[in-house]
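Student: below is the sequence, then the predicted model.
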Amino acid sequence: MALRGGVDLGGTKIEAVVVDGRNEVLGHSRHATPTTGGPQTVADEIATALREAAAAANVDPSTLAGIGVGSPGAVDQDSGVVAQARNLPDWEGAFSLGPALTTALGPPVYLDNDVNVAVDAEFALGAGKPYSSVIGVWWGTGVGGGIIFNGKPWLGRDAAGEIGHMVVKLNGARCPCGRRGCMEAYAGRAAMEARARRLTKKGEKTDLFRIMEKRGRTRLSSGVWARALDKDDRMAVRLIDRAVAALGAGIASAVNLLDVEAVVIGGGLGTRLGQPYADRILKAMKPHLFVDGRPPAVHAAALGDLAGALGAALLVERSQKKARRTPAAPASA
Ligand SMILES: [Zn+2]
């Protein structure tokens, strides 16, 4: 069976895999996402990572059946164009990522939103596998989400699953999206870091930024938060408690609407903090659940850092099946 490539393009790292027909990983490579140089530099780095994954799997990248890419920003699946990828260097405008990668590597390239592909992977291969309806909550820099409803992704009119922007407090904290009171305004890593910086300016003490510098980071990464929590840093504990409370309210509201069987918590922070925090989120949900005797299962993501890349590889299979089902449009006269 033909091998496929999968790439998870994140704000801090690029994960590339080559998988076989049973989605077993035959080769894997991880690169830091370039912080300067614009979209073409990022595309070059993706190509290098994918070539390494292919080399580890003993195949030539040009022989792959296809390469899937999960990307942040606004993704146009038909043209392979990615725009407004604000976590990536100088990537406000549109860039033809799919065509650039096909030129560099050979095979057809399929793109989708990074959170959608990761949720698909958890549903098909990971923590969501036993269920038919699942909400995925990707707790990282922002709070993304995806919905699998009766076995199929629910995309709405194209923008469904933005669970991070469920309102948990009217006229509440300012969200990175510009609105107020969103769950992400309390739980997103970017929003939590901004608050930690404001509190520090006001004179409150924390080890968060010292841990960050010691690790050679410029941002409060998931690892920095985890370390500060291990050390019982008071500000870190307080901000994470606030995040868990917001996640509980927002996710419970989504469950009240959809009554899914399970919730999967992934993303940088979700993966790093794991099942103990998934359990805490469930506890925080309970006071808000309308039918409170029958809560959904809440699982930490099971595929870890490879969820996005595996989901991107699944995208190749799905896109090619869909293309076979859809006959080519007749040429217009
Ligand atoms: Zn928002």
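Tutor: Yep, that arrived. Residues are numbered from 1 along each chain as shown.
Student: show me where the stretch 151-300 of the chain has its helices.
Tutor: Assigned by DSSP state H, counting those that start in this stretch, the helices in the stretch 151-300 of the chain fall at 184-187, 189-201, 208-214, 222-230, 234-258, 267-285.
Student: residues contacting the residue in the stretch 201-333 of the chain that the ion sits nearest to?
Tutor: Of all residues in the stretch 201-333 of the chain, Gly250 sits closest to the ion, at 10.7 Å by C-beta to the ion. Backbone N, C-alpha and C define where each C-beta goes, glycine included. For Gly250, the contact set (C-beta atoms under 8 Å, 6 or more residues apart in numbering) comprises Val143, Ile163, Gly164, Met166, Val168, Met183, Ala187.
Student: can you check Glu213 too?
Tutor: For Glu213, the contact set (C-beta under 8 Å, 6+ apart) is empty.
Student: quick check: it vs Asp292, distance?
Tutor: Per C-beta to C-beta, to the nearest Å, Glu213 is found 44 Å from Asp292.
Student: follow-up on the earlier one: pick the most buried one from the helices of the stretch 151-300 of the chain.
Tutor: Among the helices of the stretch 151-300 of the chain, ranked by average contacts under mean count of other C-beta atoms under 10 Å, first place goes to helix 184-187 (a mean of 28).
Student: how far does that one sit from its chain's centre?
Tutor: Centroid separation between helix 184-187 and its chain, computed with C-alpha atoms, centre = their mean, to the nearest Å, is 16 Å.
Student: now render the helices of the stretch 151-300 of the chain as TSV, adding mean pLDDT.
Tutor: Output for the helices of the stretch 151-300 of the chain, formatted as TSV (pLDDT from 0 to 100):
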stretch	mean pLDDT
helix 184-187	98
helix 189-201	96
helix 208-214	97
helix 222-230	96
helix 234-258	98
helix 267-285	96
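Student: how many other residues sit next to the closest residue to the residue of the stretch 201-333 of the chain closest to the ion other than its chain neighbours?
Tutor: Counting by C-beta to C-beta, 6 or more residues apart in numbering, Gly250 lies nearest to Met183, which is 3.6 Å off, once chain neighbours are set aside. By the criterion of other C-beta atoms under 10 Å, Met183 has 32 neighbours.
Student: all good on my end, thank you.
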